[in-house]
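K.L.:
okay, here's the prediction I keep looking at, along with the sequence it came from:
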Amino acid sequence: MGTWDLTILYDGFDTAEYKNGMARLEELIGEYTDLASTLSALSPAELVLKYVRLSESLSDLVGRLAIYANLRMSANTRDSEAASMLGRIMSLTSATAAPTAVIEKAISEIEDLEGVIDSTPELSEFKYLVMNIKRDSKYLLSDKEESILSRLDISGASAWSDLHSNLTSGVAVDYEGEKITLSSVRNLAYSPDADVRKKAYGAELACYDKIKDAVALALNSIKLQVLTECELRGYESPLDKSLYQSRMKRETLDALLTAMREYLPVFHKYLRAKAKALGHEGALPWYDLFAPMGKSDTEYTVDGAKEYLLGIFSEFDTELYGMVKTAFENRWIDFFPREGKVGGAFDCGVPSAKQSRVLTNFDGSFSDVVTLAHELGHAFHDKQVFAHSVINQSYSMPVAETASTFNEVLVMETAIARATDKEEKIALIESQLMDACQIICDIYSRFLFEASVFENRPTEVLSPDRMCELMLTAQRAAYGDGLDADCLHPYMWLCKGHYYSGGLSFYNYPYAFGGLFARGLYAKYKAEGAAFVDTYKAMLRATSVTDVEECALIAGVDLTDPEFWRSGLRSISDRIDEFCDLVG
């Protein structure tokens with residue numbers, strides 16, 4: 001027990017069902033190629049409809065085949081059969097890239113595409129998807145240029161990204177006479193022992209000297225490639241491209257950042273209070289940023305976690321309650337850590353079964369219960385978008401953390417309200433504030449740093465020291481007098497993988513968006529009560545078929561108004577006041 005059931009997909013790679021699926025995959029890829037070669041014989045409506053139906057069939061089948069292999073690998077990284085099959089699937093599906101480009105180009109060139117969709121009832125549910133093909137075409141190059149860029153990326157940004165991953169995962173950290181990994185020494189930042197935290201911080205910073213030159217070169221190269229591609233495609237800037245990919249307006253980002261900047265002094269107050277409680281004379285040194293406070297000895301079994309979550313969710317929504325109950329009882333969840341299993345936690349929607357599968361590494365702590373709530377929030381989001389066609393279920397990065405963070409807020413607010421022991425309450429509130437400080441102060445510093453790299457890269461190759469200088473400038477702006485200005489983390493640019501992507505820049509502000517969007521929605525729920533729940537679910541369903549701002553309007557939220565973002569920040573501010581009172 002404690003492992004998930006994958007028979008909703010397949011019973012194994014050697015079954016007739018899986019083998020037939022792989023054979024059908026090859027047939028569908030052939031049909032894609034055939035469609036691309038017969039475009040001139042089709043009317044606009046026939047072209048779009050054939051494309052949509054073929055995409056549905058392919059997405060459904062690839063989803064089943066690949067999800068099964070992925071989940072097998074996640075549960076056992078030594079599953080060579082799963083790794084081999086996943087590689088084969090990726091190799092086969094790569095053959096659809098060229099015909100898809102031809103087909104989508106033809107669709108984008110249909111003169112009255114919206115009229116074609118409106119006059120074809122079978123296409124009405126795909127209007128957002130198809131119109132985005134036309135909208136995206138504005139930034140496409142010629143077929144030959146797209147092919148060249150795609151092939152060059154393999155030895156360009158993708159290779160530099162791999163180099164970063166290899167160097168950071170392989171660097172040896174000298175800690176107390178032993179060689180340990182970078183991830184291990186960074187995890188010591190959460191140690192209850194102050195001496196351990198300080199020594200680990202020093203050891204971490206020292207290890208970066210071994211790899212900083214190569215990693216700086218990687219970051220310089222990736223960012224220059226991004227700038228070059230943005231110029232070629234016609235984006236105003238990498239940030240402009242990021243917002244476009246997020247289906248989000250600049251006005252929304254400006255409103256979010258405005259509210260965040262206004263509340264920075266409140267977070268600085270929290271950091272100074274934490275510093276004082278930990279015995280520091282002035283501001284908090286970086287190595288104590290994640291120091292645990294208070295004490296919570298409660299441990300949970302799986303059944304205990306189930307009853308705890310069901311008790312909270314039953315007061316919010318019967319559909320969420322029912323889904324969570326089913327997830328526990330029908331083996332949707334792989335709970336416990338074991339050799340060969342990946343670390344962390346994730347949710348994976350299984351559209352063909354209209355279910356989800358959740359992986360955690362549960363050890364009985366309250367934080368693990370919160371992690372379960374978070375991942376089951378993703379599963380609840382899955383459940384809402386399963387109402388759409390399989391090709392209408394993808395949503396943009398900013399809204400991806402909405403339901404998961406909303407679940408976290410539900411659980412944490414309940415836990416804090418129920419806590420009667422002072423030390424337990426401090427532990428719960430500080431844990432919540434530590435996370436909030438990350439999505440506000442730290443994310444803002446990352447945003448500022450990446451913006452400064454893009455600003456400076458056209459005219460200079462940024463040395464490791466220059467990277468550190470830009471990072472420290474960003475951290476001082478974000479953390480203010482809350483952190484000791486002489487004890488920050490100059491190498492945060494090196495250890496965070498989010499910067500090292502050629503296709504995804506500014507992988508930072510969506511975290512702040514998700515955290516504050518969920519909190520703002522929670523504030524509306526507290527104000528409106530049960531009447532809000534159906535609106536909330538309707539909004540989640542719309543995340544995959546509307547732009548971010550239009551989706552939020554379903555819940556009566558204007559994302560371009562800083563006041564909405566302030567509503568989420570006010571609740572955190574109240575918690576900071578409570579924390580300051582508790583720690584004296």
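P.N.:
Received it, and whenever you're ready, just let me know what you need.
K.L.:
where does the stretch 301-450 of the chain dip in pLDDT?
P.N.:
Applying pLDDT under 70 to the stretch 301-450 of the chain flags no residue at all.
K.L.:
tell me where it has strands.
P.N.:
Under the criterion DSSP state E, counting those that start in this stretch, the stretch 301-450 of the chain contains strands at 333-334, 346-350, 355-359.
K.L.:
which intervals of this protein have sub-threshold pLDDT?
P.N.:
Checking the chain against pLDDT under 70 turns up 1.
K.L.:
farthest residue from the center of it?
P.N.:
Here the centre of the chain is the reference, and by C-alpha atoms, centre = their mean the most remote residue is A41, at 42.3 Å.
K.L.:
ok, that one to Y18 distance?
P.N.:
Going from A41 to Y18 by C-beta to C-beta, to the nearest Å gives 35 Å. All C-beta spots, glycine's among them, are computed from the backbone N, C-alpha and C.
K.L.:
could you do A259 as well?
P.N.:
50 Å.
K.L.:
so these two - more neighbours on which side?
P.N.:
More neighbours surround A259 than the other of A259 and Y18, with 23 against 19 (other C-beta atoms under 10 Å).
K.L.:
tell me if I'm right that the more buried one and L569 touch.
P.N.:
Yes - using C-beta atoms under 8 Å, A259 makes contact with L569 at a distance of 5.8 Å.
K.L.:
shared neighbours, these two?
P.N.:
With contacts taken as C-beta atoms under 8 Å, 6 or more residues apart in numbering, the residues that reach both A259 and L569 are L516.
K.L.:
now the strands for the stretch 151-300 of the chain?
P.N.:
173-175, 178-180.
K.L.:
pick the most deeply packed of those strands.
P.N.:
Across the strands of the stretch 151-300 of the chain, the average number of neighbours (mean count of other C-beta atoms under 10 Å) peaks for strand 173-175, which reaches a mean of 18.
K.L.:
against which helices or strands is it packed?
P.N.:
Here strand 173-175 touches helix 182-187, helix 194-207, going by 3 or more C-beta pairs under 8 Å, 6 or more residues apart in numbering; DSSP states H and E.
K.L.:
neighbouring strands of that strand in the sheet, and parallel or not?
P.N.:
Using DSSP bridges, strand 173-175 pairs in its sheet with strand 178-180 (antiparallel).
K.L.:
mind checking how far the strand it pairs with is from the chain centre?
P.N.:
Remark: strand 178-180 is offset 31 Å from the chain centroid, using C-alpha atoms, centre = their mean, to the nearest Å.
K.L.:
as CSV, the helices and strands packed on strand 173-175 with mean neighbour count and distance to A275 would be great.
P.N.:
As requested, the helices and strands packed on strand 173-175 are arranged in CSV below (neighbours: other C-beta atoms under 10 Å; distance: least, C-beta to C-beta, whole Å):
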stretch, mean neighbour count, distance to A275
helix 182-187, 16, 21
helix 194-207, 17, 12
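K.L.:
would you format those as JSON lines with distance to V557 included?
P.N.:
As requested, the helices and strands packed on strand 173-175 are exported to JSON lines (distance: least, C-beta to C-beta, whole Å):
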{"stretch": "helix 182-187", "distance to V557": "36"}
{"stretch": "helix 194-207", "distance to V557": "40"}
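K.L.:
for V411, find the nearest of these.
P.N.:
helix 182-187 (23.4 Å; C-beta to C-beta).
K.L.:
packing partners of the closest one?
P.N.:
Partner elements for helix 182-187 (3+ C-beta pairs under 8 Å, 6+ apart): helix 157-170, strand 173-175, helix 194-207.
K.L.:
if we use 10 Å, what do you get?
P.N.:
helix 157-170, strand 173-175, helix 194-207, helix 492-495 (3 or more C-beta pairs under 10 Å, 6 or more residues apart in numbering; DSSP states H and E).
K.L.:
how about residues contacting it?
P.N.:
167-175, 178, 180-181, 199-208, 211, 290, 343, 494-495 (C-beta atoms under 10 Å, 6 or more residues apart in numbering).
K.L.:
C-alpha coordinates for it, CSV please?
P.N.:
Output of helix 182-187 as CSV, limited to C-alpha atoms (Å, rounded to 0.1, in the frame of the first residue of the first chain):
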residue,chain,number,x,y,z
LEU,A,182,25.0,21.4,-3.2
SER,A,183,21.3,20.4,-2.5
SER,A,184,22.4,18.8,0.8
VAL,A,185,24.2,21.8,2.1
ARG,A,186,21.4,24.1,1.0
ASN,A,187,18.9,22.0,2.9
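K.L.:
and K276, how many neighbours?
P.N.:
Quick note: K276 (other C-beta under 10 Å) scores 16 neighbours.
K.L.:
skipping adjacent residues, who's closest to it in space?
P.N.:
V583 (7.5 Å; C-beta to C-beta, 6 or more residues apart in numbering).
K.L.:
which residues touch that neighbour?
P.N.:
By C-beta under 10 Å, 6+ apart, the neighbours of V583 are Y270, A273, K274, K276, A277, L278, M293, G294, K422, I426, I429, E430.
K.L.:
try I29
P.N.:
L58, V62, L92, T93, S94, A95, T96, P99.
K.L.:
show the buried residues in those.
P.N.:
For the contacts of I29, a burial check counting by 16 or more other C-beta atoms under 10 Å picks out L58, V62, L92, T93, T96, P99.
K.L.:
so which of those residues are in helices?
P.N.:
L58, V62, L92, T93, P99 (DSSP state H).
K.L.:
that older thread, would you mind giving the strands of the stretch 301-450 of the chain as JSON lines with mean neighbour count and distance to E104 added?
P.N.:
What follows is the strands of the stretch 301-450 of the chain, written out as JSON lines (neighbours: other C-beta under 10 Å; distance: least, C-beta to C-beta, whole Å):
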{"stretch": "strand 333-334", "mean neighbour count": "26", "distance to E104": "37"}
{"stretch": "strand 346-350", "mean neighbour count": "19", "distance to E104": "24"}
{"stretch": "strand 355-359", "mean neighbour count": "23", "distance to E104": "29"}
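K.L.:
of all the ones you listed, which lies closest to L504?
P.N.:
Nearest of the strands of the stretch 301-450 of the chain (C-beta to C-beta): strand 346-350, 17.7 Å.
K.L.:
which strands and helices sit next to the helix or strand where E550 lies?
P.N.:
Under the criterion of DSSP states H and E, E550 resides in helix 548-553. Contacts defined by 3+ C-beta pairs under 10 Å, 6+ apart place helix 548-553 against helix 250-277, helix 509-528, helix 531-542.
K.L.:
now do the first one: which elements does it pack against?
P.N.:
Looking back up the chat, that one is helix 250-277. Judged by 3+ C-beta pairs under 10 Å, 6+ apart, helix 250-277 is in contact with helix 238-245, helix 422-437, helix 443-456, helix 464-479, helix 509-528, helix 548-553, helix 562-583.
K.L.:
E401: which of those is closest?
P.N.:
Nearest to E401 among the helices and strands packed on helix 250-277 is helix 509-528 (3.0 Å), distances taken as C-beta to C-beta.
K.L.:
could you tell me the end-to-end distance of stretch 328-346?
P.N.:
One end of stretch 328-346 sits 15 Å from the other (C-alpha to C-alpha, to the nearest Å).
K.L.:
buried residues in it?
P.N.:
F328, R331, W332, I333, D334, F335, K341, A345.
K.L.:
distance of E329 relative to L320?
P.N.:
Applying C-beta to C-beta to E329 and L320 gives a distance of 15 Å.
K.L.:
revised request: answer the last question for L152.
P.N.:
Taking C-beta to C-beta, one finds L152 at 46 Å from L320.
K.L.:
swap in L472?
P.N.:
Taking C-beta to C-beta, one finds L472 at 44 Å from L320.
K.L.:
between these two, tell me which one has more neighbours.
P.N.:
L320 (26 against 17).
K.L.:
could you pull up the residues touching the nearest residue to that one once chain neighbours are set aside?
P.N.:
Closest residue in space to L320, ignoring its immediate chain neighbours: F313 at 4.8 Å, by C-beta to C-beta, 6+ apart. For F313, the contacting residues are 319-325, 373, 376-377, 380, 407, 410-411, 414, by C-beta under 10 Å, 6+ apart.
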